[in-house]
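Q: The following block contains a protein sequence and its predicted model.
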Amino acid sequence: MKGKFKVLIGSEVKRYSDYDDIPAQIDEVIRCEFDYPEPPHTDEQHEEIHSFIPKLNELLERSKNGN
């Protein structure tokens, strides 16, 4: 899933353009911005858009601070 993601790992800020590249363990989520497809949206794109919040929550749960 493409977007702009920034996480803290140790004392280093890491940037990612693909959600799937973010490591399983992180210290903190700094930025989580998914790329939205241009409208009109297909049913498949709607499903992807509806997955953004659960993906953000999953990312937050992976952080040590559990934000």
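A: Done, it's in.
Q: Quickly note the distance from residue 7 to residue 22.
A: Plainly put, residue 7 is 6 Å away from residue 22 if you go by C-beta to C-beta, to the nearest Å. Quick note: C-beta positions are derived from backbone N, CA and C, even for glycine.
Q: Contact partners for the nearest residue to residue 2 once chain neighbours are set aside?
A: Ranked by C-beta to C-beta, 6 or more residues apart in numbering and with sequence neighbours excluded, the top spatial neighbour of residue 2 is residue 35, at 4.5 Å. By C-beta atoms under 8 Å, 6 or more residues apart in numbering, residue 35 lies in contact with 1, 2, 3, 4.
Q: Among the residues you listed, name the buried ones.
A: residue 3 (16 or more other C-beta atoms under 10 Å).
Q: show me the contacts for the residue nearest to residue 34 when sequence neighbours are not counted.
A: Spatially, and ignoring its direct neighbours in sequence, residue 34 is nearest to residue 3 (4.1 Å; C-beta to C-beta, 6+ apart). By C-beta under 8 Å, 6+ apart, the contact set of residue 3 is 17, 18, 19, 32, 33, 34, 35.
Q: Which member of the residues you listed is positioned nearest residue 58?
A: residue 19 (9.3 Å; C-beta to C-beta).
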